[in-house]
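Visitor: Coordinates for the following, if possible.
(chains A and B)
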Amino acid sequence: MSLRDDLYERLARRRSAKLGGLSPAAYDELLLSVREHPDTFVDDPHDQAFELLVQAVDRVIHSRKDDEFLGDDEFMAERTRRMERLRHDCAEALAVSPDSTHARLLNILAQDLEPDAQLDALLELDQVVSAETASLTPDYQDAWQDVFAHGPLRVKAVLSRTCLDTARYRMSVRYAQELIERNPSDMLGARHTCALSLARLEDEQGFDDLDARFGRRGDSWQQLSRTILFYKLGRMPAARRSLKGFAHLCEGGPYALLRPVMVDTYLPDRPDTDPYSFAEVTLAVHEADPVICDVPDLCTWAESQDGFGDEARLYAERNGYGW
Amino acid sequence: MSYDPHREDYQRLGLRFARSLDGADPIAATRAFASFGRRFSQNRDSLPQSDADRAFHLVAEATTLIDYELPFADDIQAEQLIDQGHRLLDEALALDAKCHDAIRMKAAAESSSFESYYDFLAQSAGDVRAACEEARAQACDESPERALLEADIAMRPYYRWLATQAGKAVICGRNREAIRLGEQLLELDPLDSADVRFTCAIAYAKLEDEAGLERFAARTKPLTRAGIDDAWMQLSRISLAHKRHDLGEARHLLRNLISAYPHATAALASQKELPDGVFARLAVAPFSEDELILAISEGTVLLQEGRDDSGRGVLGTWVARQVGLSSVKDSQQ
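Guide: The predicted structure is shown next:
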């Protein structure tokens, strides 16, 4: 679910509340009209700010499309400009709606802070936002059903990932679990961060409970985390089986693991990807980086496993990627 | 405490020499023993010794070169020291094929990765234990005190083996395994001559298992020196406070560490990573600057964690900044 979808839903909800008593079919009609002409529905400063943010994020994501053709220096300069612009856009949104959670969250991300400083800022925001939303009585079993509650949920998701990035794995698990409690459908994929942190903590029980909670559905993060977990526990036959599963299920998995790439800041959500796609496994490996670095021989071990290195090279060859 | 190979070499020959004097006239024996120190240092070959003793002596010599001289050598010297060290280890193995210290030290150099070294240690641990226990069973000294020392010396190669394995487990990211190995060693050697509890403390911090670390600290409290926690335990607690984002507590613990060790701020600012001792953790004086440097080096796995552009790691950066701030404050006062 993108920020843009959130915008449409916010506008439809607000209009629907004004009109009152819309049938589900009428609401769907309304949502269609909103999607076609969102501007005509923006009459609240909160939504006006939200629209500014949606446009700002779209602009950044669109401008990232050509990044691969830039040299390192050019890329850094371009990225700095982009983040500056985003900060400016966040300031504009905050001027319209000073308590916008999304604007505050994106503003933190746009500052490119050191991991510890980012964590401080997010913890503060989480506290403020939690206090602000504590007075609201939850009408929904799953907070995601309320589009106006998405901001605080996103703060928790970013917080959990930032904890992982700053090597605070128990905290990362805690925030991911808090988020999953409030949003059991886990639209923001906190379970992925949680799985990586639990693997890093060598917490097999916690890992298994998480896996069971989500019906053992599996994905790139899960497959990678399981491999790391068993490797760390020294259960090598199980680790080998998991690695095989990772290579088999994740498109280009071996290549993604052995040749990790830089992934730019999530704004604020992890980009949507298809299950087990190359795009998904690329994100999983990127997010796992601090955990993988802590197991220094993991990649060498993986590469030496039957066919794994060959598969990676073959994938690179077939897709014209460098090796 | 750690292991000083020269002291152990001395103990081995001392024991054998004392045994050779058993049954002799006490006055003559006392006189003979008075000359032991001089003969040990100047005319070692005149003392009774087995091939295993000779092999161990070569291990001690190799340790001096590899663990104590190599870190300070320039490139040309380094190559010579390594060659010389290996020659000594080869000679040791030619004299005593079961010289497990030499086998372990050679494997450290020949392994292509942490993983392959760790695997080697894990695969052979059972055999090493059996061999050391067999040697211990043969301890036959008439004097109960000497028999105890003899039995202890017989087991030390295995203690060192396990301690090395535990240390490498942490480096390989296998912290539960490191604790399991540490516990196994502590059970065999409750006085912890290998100081494996230092490694365990780091492993508990890596697992962010505060309750586990505190239980472990309480259990090993009698081993603390002068009732003060060692730098490994202190660093682990700093790391845990930092990991739960209790920075006030982390700062307080860091100040404690700084007051427990001389020149601590310099060591904490530079955070040098040294090669691990190949024979054993280097023997340094308790609560010396060197001990802190060793602990920081082994604590690299805690300091250099997380995404951090400076390459120092999240905790490493934080610690360096804290000691930077405190030294600025000190100089202002």
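Visitor: got the residues of chain B near chain A?
Guide: Counting by Cβ under 8 Å from any Cβ of the partner chain, chain B comes close to chain A at B:113-115, B:122, B:171-177, B:207-208, B:243-245, B:301, B:305-309, B:313-315, B:317-318. C-beta coordinates here come from the backbone N, C-alpha and C atoms, glycine included.
Visitor: Pull the number of nearby residues for residue A:16.
Guide: Neighbour count for residue A:16, taken as other Cβ atoms under 10 Å in any protein chain shown: 16.
Visitor: what secondary structure does the nearest residue to it once chain neighbours are set aside sit in?
Guide: Counting by Cβ to Cβ, 6 or more residues apart in numbering or on different chains, the nearest residue to residue A:16 once its immediate chain neighbours are dropped is residue A:22, at 5.0 Å. Using DSSP: H, G, I helix; E, B strand; the rest coil, the structure places residue A:22 in coil.
Visitor: wait, residue A:22 sits on residue A:12?
Guide: No. Using Cβ atoms under 8 Å, residue A:22 is not in contact with residue A:12; the gap is 9.3 Å.
Visitor: What about the residue nearest to residue A:16? Give its phi and psi, please.
Guide: Main-chain dihedrals, residue A:22, degrees, to the nearest 10: phi -80, psi 140.
Visitor: quick one: low-confidence parts of chain B?
Guide: Applying pLDDT under 70 to chain B flags residues B:1, B:325-333.
Visitor: Which residue lies nearest the spatial centre of the chain?
Guide: Answering for chain A, as no chain was given. residue A:270 (2.6 Å; Cα atoms, centre = their mean).
Visitor: looking at chain B here, not the other one
Guide: Closest-to-mean residue, chain B, Cα atoms, centre = their mean: residue B:281 / 2.3 Å.
Visitor: Name the SS class of the closest residue to it other than its chain neighbours, please.
Guide: Distances taken as Cβ to Cβ, 6+ apart put residue B:2 closest to residue B:281, at 5.0 Å, once the chain neighbours are dropped. Using three-state DSSP, the structure places residue B:2 in coil.
Visitor: Touching, residue B:2 and residue B:282? I think so.
Guide: Yes. Applying Cβ under 8 Å, one finds residue B:2 in contact with residue B:282, separated by 6.8 Å.
Visitor: sorry, back to before: look up how far residue B:227 lies from the residue nearest to residue A:16.
Guide: 73 Å (Cβ to Cβ, to the nearest Å).
Visitor: Specify which residue of the two has the higher count of neighbours.
Guide: residue A:22 (15 against 7).
Visitor: got a list of what residue A:168 touches?
Guide: A:119, B:208, B:243, B:244, B:245 (Cβ atoms under 8 Å, 6 or more residues apart in numbering or on different chains).
Visitor: what about the second one, neighbour count?
Guide: I take that to be residue B:208. Other residues within reach of residue B:208 by the criterion other Cβ under 10 Å amount to 23.
Visitor: and if you look at residue B:76?
Guide: By other Cβ under 10 Å, neighbour count at residue B:76 equals 8.
Visitor: hmm, back to that, quick one: buried ones out of the residues of chain B next to chain A?
Guide: Among those, the ones that count as buried by 16 or more other Cβ atoms under 10 Å in any protein chain shown are B:114-115, B:122, B:171-177, B:207-208, B:243-245, B:301, B:305-308, B:313-315, B:317-318.
Visitor: So which of those sit within helices?
Guide: Counted as lying in helices by DSSP state H, out of these, are B:114-115, B:122, B:171, B:175-177, B:243, B:301, B:314-315, B:317-318.
Visitor: quick check, the longest helix along chain A touching chain B?
Guide: Secondary structure assigned by DSSP H gives helix A:72-96 as the longest helix of chain A. No. Applying Cβ under 8 Å from any Cβ, one finds helix A:72-96 separated from chain B by no less than 12.0 Å.
Visitor: just the angle between the helix or strand following that helix and helix A:72-96, please?
Guide: The helix or strand immediately downstream of helix A:72-96 is helix A:101-110, counting by DSSP states H and E. Interaxial angle, helix A:101-110 versus helix A:72-96 (axes from the mean of the first three to the mean of the last three Cα atoms, to 10 degrees): 150 degrees.
Visitor: residue in the stretch 101-250 of chain A nearest to chain B?
Guide: Of all residues in the stretch 101-250 of chain A, the one sitting closest to chain B is residue A:167 (3.6 Å; Cβ to the nearest Cβ).
Visitor: quick one, what contacts that residue?
Guide: Contacts of residue A:167 (Cβ under 8 Å, 6+ apart): A:290, B:243, B:305, B:306, B:313, B:314, B:315.
Visitor: Relative to chain B, how far out is residue A:290?
Guide: Between residue A:290 and chain B the distance is 5 Å, computed by Cβ to the nearest Cβ, to the nearest Å.
Visitor: ok, that residue touching residue B:313?
Guide: No. Here residue A:290 does not reach residue B:313: they are 9.5 Å apart, not a contact under Cβ under 8 Å.
Visitor: what do those two both touch?
Guide: In contact with both residue A:290 and residue B:313: A:167, B:305, B:306, using Cβ under 8 Å, 6+ apart.
Visitor: Distance to residue A:207 added to those residues, as a markdown table?
Guide: Putting those into a markdown table (distance: Cβ to Cβ, whole Å) gives the following:
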| residue | distance to residue A:207 |
| --- | --- |
| A:167 | 18 |
| B:305 | 20 |
| B:306 | 21 |
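Visitor: residue ranges of the helices in the stretch 1-150 of chain B, please?
Guide: B:5-21, B:26-34, B:36-42, B:51-63, B:75-95, B:100-110, B:114-137, B:144-171 (DSSP state H, counting those that start in this stretch).
Visitor: Can you check which of those helices gets nearest to residue A:95?
Guide: helix B:144-171 (51.2 Å; Cβ to Cβ).
Visitor: Which positions within that closest one qualify as buried?
Guide: Going by neighbour count (16+ other Cβ under 10 Å), the buried part of helix B:144-171 is B:146, B:149-171.
Visitor: Likewise for stretch A:216-226?
Guide: Buried-residue list, stretch A:216-226, by 16+ other Cβ under 10 Å: A:219, A:220, A:221, A:222, A:223, A:224, A:225, A:226.
Visitor: mind listing which of those are in helices?
Guide: A:220, A:221, A:222, A:223, A:224, A:225, A:226.
Visitor: For the second one, give me its contacts.
Guide: Shown here is residue A:221, whose contacts under the criterion Cβ under 8 Å, 6+ apart are A:189, A:191, A:192, A:195, A:196, A:284, A:287, A:288.
Visitor: let's see it at 6 Å
Guide: Contacts for residue A:221 (Cβ atoms under 6 Å, 6 or more residues apart in numbering or on different chains) come out as A:192, A:195, A:284.
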